[in-house]
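Asks: coordinates only, no sequence provided:
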Ligand SMILES: [Zn+2]
C-alpha cells in the first residue's frame, strides 16, 4: 500500500466536489457470519432484528457506512471504483473524494505514465467541443466561464 501520483491534463472546468456530490450515511445489519464468535456461540441470533446491540453480549448488530451520492442524475459516481461519469466527457479528480477535492470535466485528457507526458490537442475541434461542454454543464447549472481552461494537476490514489 502506498500513495501514487499521476500527472494529468484536461481542458475544461474545475468544479468543487461539493457542487457535484454529497456524503450520505446509512445503516446496515451486520451479516450473521460477521458477528463475533462469542455471540454466535452463546446468544440467540434471532432475538434482535431491530436492536443496535445484542442485549446479551453487547456486540454491535448494526453498522454505519458512508456512500457518495451525486447531486444530479446526469452525473454518476461508482462507490467501489471511484469513477465519475458525465456524458462522454473526461472526468477526473484531484485528491481523495471528499469535500476539499476538485473535479475536472473536459476533453483531451492524457495520462502521463509512459515515456513522459504526451499531449496532442486537436485545435480544429476545440470550439465545437467547448460549446458542447458548455451546453452539457449549463443544463445542470454548473458551467463557469472563469473556471474554463487548461488544467494540469496530480491525481492522487491511495
Ligand atoms: Zn450476543
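Replies: Nice, I can see it. Note that the coordinates shown come from a computational prediction; the quantities given were computed from them, not determined experimentally. Residues are numbered from 1 along each chain as shown.
Asks: ok so residue 99 is a strand residue?
Replies: No. If the criterion is DSSP: H, G, I helix; E, B strand; the rest coil, then residue 99 is coil and not within a strand.
Asks: so what's residue 133 up against?
Replies: Applying CB atoms under 8 Å, 6 or more residues apart in numbering to residue 133 gives the contacts 12-13, 89, 105-107. From N, CA and C alone the C-beta is placed, and that goes for glycine too.
Asks: would TSV of those with secondary structure be doable?
Replies: What follows is those, written out as TSV (three-state DSSP):
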residue	secondary structure
12	strand
13	strand
89	coil
105	strand
106	strand
107	strand
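Asks: which two of the residues you listed have the greatest separation?
Replies: The span of the contacts of residue 133, defined through CB to CB, is set by 13 and 107 at 10.9 Å.
Asks: these two - which one has more neighbours?
Replies: Regarding residue 13 and residue 107, a neighbour count based on other CB atoms under 10 Å identifies residue 13 as having more, with 23 against 18.
Asks: what's the spacing between residue 42 and residue 59?
Replies: 10 Å (CB to CB, to the nearest Å).
Asks: er, residue 106 I mean
Replies: Residue 106 sits 49 Å away from residue 59 when distances are taken as CB to CB.
Asks: same thing with residue 86?
Replies: Residue 86 is 42 Å from residue 59, by CB to CB.
Asks: so for those two, which sits in the more crowded spot?
Replies: Ranked by neighbour count (other CB under 10 Å), residue 86 and residue 59 place residue 86 first, with 20 against 16.
Asks: residue 154 is in contact with residue 7, correct?
Replies: Yes. Contact criterion CB atoms under 8 Å: residue 7 and residue 154 qualify, at 6.0 Å.
Asks: in the helix ranked longest in the chain, what's buried?
Replies: The single longest helix within the chain, with elements called by DSSP state H, is helix 126-139. Applying a neighbour-count criterion of 16 or more other CB atoms under 10 Å, one finds 129, 133, 136-137 buried in helix 126-139.
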